[in-house]
Structures are given as structure tokens and as C-alpha cells.
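Visitor: Got a sequence here, can you build the structure:
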Amino acid sequence: EALVSAIDTNSWNQAANQGRGETSPTVIMPKVDCFDPKMADLAVKNPSPDKARQVLLAAGWTAGADGKLSKNGKPLVIQLLSSTIPGIGKGGEFLADQWTKAGMTVEGRYFGDFNQQIQAGSRSEFDVYVSPHSFDQPNPNSVVSVWTGKAPPAGSNWAKKSRLGSLATSCLASGMGCTT
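Guide: Have a look, this model is predicted:
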């Protein structure tokens, strides 16, 4: 919730797509058959780093003298994998900046070569993975198989979790759904 609460999708679209993308009010684009406009009621209203910080503080995280958040002596660290290829542009850096303003420590890895990013993703070296898609998401042919089921090497679940929350985090972090 906190990660999404920090991100204004229009600003993300500007950073990632020079404003040329189409953002969605839900994790599914309006032109997809299973789109439900009621899902927009679940979207964070007026997202900002301050709103994300409030979510985290309410969840028991505390701010140190430097403004960084921790809980039980452990800092809040987000490992971000992103790329600088078209369709992502500076989107990863934008996410890191917003989350840093909220008090999170972001360890960002930004690849100019998409193949390197995919390799790091397949090794599950991330908390947040930002990926470009030239088609509407979530697409069960490419997304669900990467975010559900068994973890590598037995399966292809890069997130190593069998929760749709991983899919939602992926979609929400990439512009509240997707950009097309």
C-alpha cells in the first residue's frame, strides 16, 4: 500500500513515457474485457510521498534523525530493478525518488540493456520490478506465469511468492496498471 501511495501515475507517465503513455484507474486498462470501473474506488486518492510515509508510520515504522524509516532496528530497504529502455525511460528513477522522499532506502539497479534486467529479474533480485509492456496488462500469457506458482528453478515465479499482491505491486508500480 505504501509503495503505491507515493506514486502519482501522471507524473510517472511523464518520467517513463514523456507523457505519451495511457494510465489506467485500475490495474487493468479500460479497454480490456475484464475491466471493472468499480476497481478505481480502490485506487489511492491524491498519492504522494507524504501519504506513503503516513501509511508506513501507521504500520509501526519509525523515522530516524535522518528521516529514514526503520522497524525493530531494521531499515526499510526496497530493491528496485528497472531499465532505461523506451517504455520505462526514467520511470525507475522516478519511483526511487518518490519512495526515498517517503523515508525508504531504495537500492536501485537500472539497466540500459533489457536482457540484463530480465536476467536479474529471473534470479529474483528485487522487491520491485519495473518492466515495459507493449500490450495491455495484466496479460495472463506473460505476467501471471512470472508472478505465481513455484519459484525458480522448479517454476518461473520471479517474486518467489504465490500471491496476487506481487502482480498488483508490479502493475501499480508501473503506472497503476500499465501504459500502452
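
Visitor: per-residue pLDDT, the residue lying closest to residue 152 once chain neighbours are set aside?
Guide: Nearest non-adjacent residue to residue 152, counting by C-beta to C-beta, 6 or more residues apart in numbering: residue 122, 6.5 Å away. In this view, the C-beta of every residue, glycine as well, is placed from N, C-alpha and C. Confidence at residue 122, expressed as pLDDT, is 80.

Visitor: What about residue 122, how many residues nearby?
Guide: 12 (other C-beta atoms under 10 Å).

Visitor: what do you get for residue 151?
Guide: With other C-beta under 10 Å as criterion, residue 151 counts 14.

Visitor: Please apply the same query to residue 4.
Guide: Close neighbours of residue 4, defined as other C-beta under 10 Å, add up to 21.

Visitor: Give me the pLDDT value at it.
Guide: 89.

Visitor: Could I get the buried residue list for the helix or strand harbouring it?
Guide: Applying DSSP states H and E as the criterion places residue 4 in helix 2-5. Of all the residues in helix 2-5, those buried under the rule 16 or more other C-beta atoms under 10 Å are 2, 3, 4, 5.

Visitor: For it, name the packing helices and strands.
Guide: helix 49-58, helix 164-173 (3 or more C-beta pairs under 8 Å, 6 or more residues apart in numbering; DSSP states H and E).
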